[in-house]
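Engineer: Dropping a prediction and its sequence here:
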Amino acid sequence: MKASLLCFFAMSEQHKPQSEAGSGGHHPAWMDSVYERLAEDDEGRVCKDISEEACRETPGNFFYTLLSNTLSNIADRLASAKTTLPWLLLQVGAPAWALSVLVPIRESGSMLPQMFIGALVRRQAVRKWVWVGGGFLQALALMAMGWSALVLEGLPAAIAVIALLVVFSLARGACSVAYKDVLGKTIPKTRRGRLSGWISSISGLAAFLTGLWLGFLQDTDSLWIYAGLIFLAAGAWLLAIISYSRIIEFPGATEGGANGFTEAIARLSLLREDAPFRSFVIGRALAMGSGLVAPFYVALARDDLGSAASLLGIFIAAEGLAGLISSPFWGRWADRSSRLVFAAACGLSAALSFAVVFWSLSPMPELASQWFYPLVFFGLGVAHAGVRLGRKTYLVDMAGGNKRTDYVAVSNTVIGALLLLTGLLGALAAAFSVQLTIGLLALAGVIGAVLSLRWKEVSG
């Protein structure tokens, strides 16, 4: 099936309409106009850090990357391990322990193997097919999750969903390694941050609308609603891989992919030998709080306001609106200085967390809390969007060729391991005090912001 799928996509590329090509590339002429508007490329084509032949294909590749990754981000919102999957398992009567492993598996499962997956990706001269194959596996895993929820109950349903989530996460790890490498080969410097900004913005709008919809359905309790979200996410992934297959990627270097396991272990030496990369990984690790602290915000809001379920739609909408509004700004700034974006976003996340700790420990009226928590959750969404865009753009810009693949694989593997450790430590700290956990994550963010100011400038 995989061979026939790749054959279909390859044939679709060969039959692109040449008469509609724009600017010497194999893409419709209207994509040049879209690219000029979205990438602000109206003063001459930018070709920094990519080949001349790849530069001719930039408008088409920009559009197909934007469409495919927006669809995949929407799929992530619809099948979120923080919202939809827990609701799905609760509906089928799964044991409580199953809920606690969803997010660690979803995040760490896609990061921990990347050092080994990266060695396999380096063997491929054209790496977009790794993303296509990984996306197809994710779509199949989601469809199987939805089907399992409809036909199974209790522990069997939980085991099936968790096993499929492992498959989903591993496939996502392959997509993550391939995506950053293909992005570095097909999109020039000073345009990558804007592309990521538009992806986050459009998917943020989708999350905002999803949150509003869930707000209207919060009193409805139907298995078909949650399973339907999973099936919609699978459909979005299928559309995403069709779009990504249209990217024109020219063959690249394949050195260093002979022995996946040996090469993967050898790549760990980057942390010892490459000081700028080591500093980046440390800073990224310290900034994990922008993503990990959100559940603790919700926990405090539930304690103060008494009904987390009634706030769920508001929180989802607030986070989506934050990405929609802030991502284009972060993206444009990241093209000028991704390290400053990372530092500013880390600082904002830490400041918000300190404010939440102070608020929760002070006697505040309930009416004020009804406004405070959604506002700080919105602010956290803005900060997290900046942290993600800053670190992604910085990582892609700081290296080229196979070195970029190595950087992505090693850093994500290390962060995946640290996520598991941080999750354990966070659970222990939360057993004593939720405020203590938030405060520790905020303090780490401050240190990460200060450290990132010492990174070498690589953008522009």
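Structural biologist: Perfect, I can see it now.
Engineer: roughly how far is the longest helix seen in the chain from the heart of the chain?
Structural biologist: Scanning the chain for the helix with the most residues, using DSSP state H, yields helix 308-361. Remark: helix 308-361 is offset 15 Å from the chain centroid, using C-alpha atoms, centre = their mean, to the nearest Å.
Engineer: quick check: domain ranges of the protein?
Structural biologist: Listed by automatic domain parsing, the domain ranges of the chain are 1-261, 268-460.
Engineer: The ones you listed: lowest mean pLDDT?
Structural biologist: Ranked by mean pLDDT, the domains of the chain bottom out at domain 1-261, with a mean of 74.
Engineer: Run through the helices of the stretch 351-460 of the chain in chain order.
Structural biologist: In the stretch 351-460 of the chain, the helices defined using DSSP state H, counting those that start in this stretch lie at 366-397, 401-432, 434-452.
Engineer: among those, which is nearest A98?
Structural biologist: Of all those, it is helix 401-432 that lies closest to A98, at 15.7 Å by C-beta to C-beta. Just so you know, the C-beta spots here come from the backbone N, C-alpha and C atoms, and that holds for glycine as well.
Engineer: Going along the chain from the helix or strand where I74 lies, find the next helix or strand for me.
Structural biologist: Element membership of I74 [criterion: DSSP states H and E] is helix 58-78. Downstream of helix 58-78, the next assigned helix or strand under DSSP H and E is helix 84-91.
Engineer: who's in contact with that next one?
Structural biologist: Applying C-beta atoms under 8 Å, 6 or more residues apart in numbering, the external contacts of helix 84-91 come out as 78-79, 98-99, 102, 145, 149, 157-158, 161, 165, 221, 223, 226-227, 229-230.
Engineer: Out of the residues you listed, which sit inside helices?
Structural biologist: 78, 98-99, 102, 145, 149, 157-158, 161, 165, 223, 226-227, 229-230.
Engineer: need the contact list for S200.
Structural biologist: By C-beta under 8 Å, 6+ apart, the contact set of S200 is N73, G323, S327, W330, G331, A385, R388, L389.
Engineer: in the stretch 101-250 of the chain, which spans are helices?
Structural biologist: Ranges of helices in the stretch 101-250 of the chain, per DSSP H, counting those that start in this stretch, are 102-111, 114-121, 128-151, 154-186, 192-216, 223-244.
Engineer: Can you check which of the ones you listed gets nearest to L361?
Structural biologist: Here helix 102-111 is closest among these (C-beta to C-beta), at 26.4 Å.
Engineer: mind putting the helices of the stretch 351-460 of the chain in TSV, distance to W131 and mean neighbour count included?
Structural biologist: Listed next are the helices of the stretch 351-460 of the chain as TSV, based on distance: least, C-beta to C-beta, whole Å; neighbours: other C-beta atoms under 10 Å:
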stretch	distance to W131	mean neighbour count
helix 366-397	15	22
helix 401-432	13	19
helix 434-452	28	21
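Engineer: mind giving me TSV with those and columns for distance to Q138?
Structural biologist: Below are the helices of the stretch 351-460 of the chain laid out as TSV (distance: least, C-beta to C-beta, whole Å):
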stretch	distance to Q138
helix 366-397	19
helix 401-432	17
helix 434-452	29
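Engineer: Please look at C175 and W129 and confirm they touch.
Structural biologist: No: between C175 and W129 there is no contact under C-beta atoms under 8 Å: 11.2 Å.
Engineer: out of those two, which sits in the busier spot?
Structural biologist: Remark: of C175 and W129, C175 carries more neighbours, 25 against 20, as counted by other C-beta atoms under 10 Å.
Engineer: dump the residue contacts of the closest residue in space to the more buried one that isn't next to it in sequence.
Structural biologist: Take C175 and drop its neighbours on the chain: the residue closest to it by C-beta to C-beta, 6 or more residues apart in numbering is G134, 3.9 Å away. G134 makes contact with A171, R172, G173, A174, C175, A178, according to C-beta under 8 Å, 6+ apart.
Engineer: at 6 Å what do you get?
Structural biologist: Applying C-beta atoms under 6 Å, 6 or more residues apart in numbering, we find G134 in contact with A171, A174, C175.
Engineer: would you list the contacts of S200 in TSV and tack on distance to V458?
Structural biologist: Compiled in TSV, those are given as follows (distance: C-beta to C-beta, whole Å):
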residue	distance to V458
N73	25
G323	24
S327	20
W330	16
G331	16
A385	20
R388	17
L389	14
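Engineer: Show me which of these is closest to P374.
Structural biologist: Taking C-beta to C-beta as the measure, P374 lies nearest G323 of the contacts of S200, at 15.1 Å.
Engineer: mind checking how far the closest one is from L195?
Structural biologist: Counting by C-beta to C-beta, to the nearest Å, the gap from G323 to L195 is 15 Å.
Engineer: Which of these two has more residues huddled nearby?
Structural biologist: Taking neighbours as other C-beta under 10 Å, G323 and L195 compare with G323 leading, 29 against 23.
Engineer: any idea how far V382 is from that one?
Structural biologist: 8 Å.
Engineer: repeat for V450
Structural biologist: 20 Å.
Engineer: Next: F329.
Structural biologist: In terms of C-beta to C-beta, F329 sits 9 Å off from V382.
Engineer: Which residues does stretch 235-248 contact?
Structural biologist: Contacts for stretch 235-248 (C-beta under 6 Å, 6+ apart): 9, 26, 57, 61, 64, 67-68, 71-72, 74-75, 128, 131-132, 135-136, 138-139.
Engineer: at 7 Å what do you get?
Structural biologist: 9, 12-13, 26, 57, 60-61, 64-65, 67-68, 71-72, 74-75, 78, 128, 131-132, 135-136, 138-139, 142, 182, 186 (C-beta atoms under 7 Å, 6 or more residues apart in numbering).
Engineer: who's in contact with A285?
Structural biologist: Counted by C-beta under 7 Å, 6+ apart, A285 has contacts I415, L418.
Engineer: which SSE is it in?
Structural biologist: A285 belongs to helix 275-286, assigned by DSSP H and E.
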